[in-house]
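**Q** Quick one, fold the following:
(one chain, ligands or ions: 1)
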Amino acid sequence: MLKDKVVVVTGAGGGIGRDFALAMASKGAKVVVNDLGASVSGEGKSAGPAQKVVDEIKAKGGQAVASTDSVAEWEAANRIIKTAIDAFGKIDVVVNNAGILRDRFFFNMSVEEWKAVIDVHLNGSFYVARAAAPYFKSQNSGRYINMTSTSGLVGNFGQANYAAAKLGIVGLSKSMALDMAKYKVTSNCISPFAWSRMIGTIPADTPDQQARLEKIKKMETAKIAPLAVYLASDAAQEVTGQIFAVRANELFLMSQNRPLRSVARAEGWTPETIAEHAIPALSAHFYKLDRSQDVFSWDPF
Ligand code: NAI
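**A** A predicted model of the protein is given here:
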């Protein structure tokens, strides 16, 4: 499905990204395996993880090169795309997958924790996508696949930085889909559920949390890859501006914000009439303070 496509997968040294790189290479893509080789919180650097995935791809007869640049800096993000051009002569697909976590309750979150997560997820997705944009525009084709999360789409405790970044990515992805549509470029989001080292950092102190974690452990990272391969392919030309979720053998099309209900008064609103009329009329449709696990409340299939 991806014969001779040139793909950049960021954060592909482990977890979901590694499976994206392996699956895309197995379908004929030439892959830039980008990974800084950092810890879950984004500290440190190692060329090991990216090179190991390149070696795995080559051992199976595929084509790949390693890149250890950080997505979180503009110059470095440009080098990631240039690695594809230098090694394979073009760029067809960008998968914005690199990520870190710095969880902390909002009232304790430091500016550094906020900025580090926004930098890798939101700024990093913009930088790498933007670096590829001139190529996509001039060749009249291209694919963006951007990783979001139900931590942003629904909610989660202790992830203000991550939720803001991941919802920001949804807005970025839709904007790229709109602005690049005339160049036949598509942009979609995937919200995955899978057991990775990132999820392994979630605190599980209570029996309830431990039971939830045991369920997550059964969800394999490789289960996310088929959707990414499809979205990267020519078969997905008409699929753009969407948010998908994948949980083991379940695929979801996620909703997007639209008006739910409206009320109007010919004379306009005062704070008092909002309290007496608007809120009682609208409140039946308010959302509860749901977290991801409240919405995805059944066992993965
Ligand atoms: P992971 O921690 O296994 O993989 C992330 C990779 O990104 C790591 O190999 C890391 O070294 C790399 N990375 C970190 N900072 C980087 C930087 N500045 N430049 C280049 N590479 C960098 O985590 P996982 O679970 O595989 O996550 C992949 C994506 O999926 C992330 O965007 C994550 O937010 C998203 N996601 C994962 C979920 C899950 O259930 N595993 C749930 C929701 C979203």
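
**Q** need the helices for the stretch 51-200 of the chain, in chain order.
**A** For the stretch 51-200 of the chain, the helices defined by DSSP state H, counting those that start in this stretch occupy 74-88, 111-117, 124-139, 150-153, 160-180.

**Q** what's the first one packed up against?
**A** Contacts of helix 74-88 with other secondary structure elements, assessed using 3 or more C-beta pairs under 8 Å, 6 or more residues apart in numbering; DSSP states H and E, are made with strand 6-9, strand 30-34, strand 63-67, helix 124-139. For glycine as for every other residue, the C-beta is placed from the backbone atoms N, C-alpha and C.

**Q** For residue 85, give its distance to residue 70.
**A** 19 Å (C-beta to C-beta, to the nearest Å).

**Q** and the nearest residue to residue 212 once chain neighbours are set aside, how far is that from the ligand?
**A** Excluding the flanking residues, the one nearest residue 212 by C-beta to C-beta, 6 or more residues apart in numbering is residue 293, at 6.4 Å. Distance, residue 293 to the ligand, using C-beta to the nearest ligand atom, to the nearest Å: 12 Å.

**Q** Could you measure from residue 293 over to residue 39?
**A** Counting by C-beta to C-beta, the gap from residue 293 to residue 39 is 26 Å.

**Q** Equivalent analysis for residue 217, please.
**A** For residue 217 relative to residue 39 (C-beta to C-beta), the value is 21 Å.

**Q** tell me the contacts of residue 173?
**A** 144, 146, 148, 187-189, 241, 243 (C-beta atoms under 8 Å, 6 or more residues apart in numbering).

**Q** Model confidence at it, what's the number?
**A** You'll see residue 173 listed with a pLDDT of 99.

**Q** Quick check: residues of the stretch 1-150 of the chain near the ligand?
**A** 10-11, 13-17, 34-38, 40, 42, 49, 70-72, 97-100, 120, 124, 147, 149 (C-beta under 6 Å from any ligand atom).

**Q** just curious, which of the contacts of residue 173 is nearest to the ligand?
**A** Nearest to the ligand among the contacts of residue 173, counting by C-beta to the nearest ligand atom, is residue 148 at 6.8 Å.

**Q** neighbours around the closest one, how many?
**A** 27 (other C-beta atoms under 10 Å).

**Q** Quick check: pLDDT value at it.
**A** 98.

**Q** And for the one 5 residues further on?
**A** You'll see residue 153 listed with a pLDDT of 98.

**Q** all strands of the stretch 151-300 of the chain, in order?
**A** Counting by DSSP state E, counting those that start in this stretch, the stretch 151-300 of the chain has strands at residues 185-193, 243-247, 250-253.

**Q** buried stuff in the helix or strand of the chain with the lowest mean pLDDT?
**A** The helix or strand of the chain with the lowest confidence, counting by mean pLDDT, DSSP states H and E, is helix 207-217 at a mean of 82. Under the neighbour-count criterion of 16 or more other C-beta atoms under 10 Å, helix 207-217 has residue 216 buried.

**Q** Can I get it in CSV, CA atoms only?
**A** Only the C-alpha atoms of helix 207-217 are listed here, as CSV (Å, rounded to 0.1, in the frame of the first residue of the first chain):
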residue,chain,number,x,y,z
PRO,A,207,-7.1,-1.4,43.4
ASP,A,208,-9.4,0.4,41.0
GLN,A,209,-6.5,2.1,39.2
GLN,A,210,-4.5,-1.1,39.2
ALA,A,211,-7.4,-3.0,37.6
ARG,A,212,-7.6,-0.3,34.9
LEU,A,213,-3.9,-0.5,34.2
GLU,A,214,-4.1,-4.3,33.8
LYS,A,215,-6.8,-3.7,31.0
ILE,A,216,-4.5,-1.2,29.3
LYS,A,217,-1.7,-3.7,29.3
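
**Q** Contacts only, for residue 193.
**A** Residue 193 neighbours (C-beta under 8 Å, 6+ apart): 150, 216, 219, 245-248, 296, 300.

**Q** Show me which of these is closest to residue 265.
**A** residue 150 (36.6 Å; C-beta to C-beta).

**Q** OK, contacts around the closest one?
**A** 156, 191, 193, 245, 292, 295-296 are the contacts of residue 150 under C-beta under 8 Å, 6+ apart.

**Q** If we use 10 Å, what do you get?
**A** Applying C-beta atoms under 10 Å, 6 or more residues apart in numbering, we find residue 150 in contact with 156, 163, 166, 191-193, 245, 247, 252, 254, 290-293, 295-296.
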